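Participant: A structural model of the following input is requested.
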Amino acid sequence: QFTAMLIVQLASENKLDLNVPISTYLPGYPKTNADRIT
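Facilitator: Take a look at the predicted model:
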């Protein structure tokens, strides 16, 4: 819940876009899953 709150806060401050793949922010995240998670 705490992580979700921080993610929403960053999104509201335009520091994080919830519509881009997670690999944009975590380049080391396994590519097979990273392109499907937004």
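
Participant: secondary structure element for Leu6?
Facilitator: Assigned by DSSP states H and E, Leu6 belongs to helix 2-12.

Participant: got the CA positions of that helix in PDB?
Facilitator: Once non-C-alpha atoms are left out, helix 2-12 reads as follows in PDB (Å, rounded to 0.1, in the frame of the first residue of the first chain):
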ATOM      1  CA  PHE A   2       2.800   2.400   0.800                       C
ATOM      2  CA  THR A   3       4.500   1.700  -2.500                       C
ATOM      3  CA  ALA A   4       1.300   2.300  -4.400                       C
ATOM      4  CA  MET A   5       0.800   5.600  -2.600                       C
ATOM      5  CA  LEU A   6       4.300   6.700  -3.600                       C
ATOM      6  CA  ILE A   7       3.800   5.700  -7.200                       C
ATOM      7  CA  VAL A   8       0.500   7.700  -7.400                       C
ATOM      8  CA  GLN A   9       2.200  10.700  -5.800                       C
ATOM      9  CA  LEU A  10       5.000  10.600  -8.300                       C
ATOM     10  CA  ALA A  11       2.500  10.300 -11.100                       C
ATOM     11  CA  SER A  12       0.600  13.300  -9.800                       C
END
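
Participant: Show me what that helix is in contact with.
Facilitator: 16-18 (CB atoms under 8 Å, 6 or more residues apart in numbering). Where you see a C-beta, it was placed from the backbone N, CA and C, and this is true even at glycine.

Participant: swap the cut-off to 6 Å and go again
Facilitator: Defining contact as CB atoms under 6 Å, 6 or more residues apart in numbering, one finds that helix 2-12 is touched by 16, 18.

Participant: taking the mean pLDDT, what do you get for it?
Facilitator: For helix 2-12, mean pLDDT is 95.
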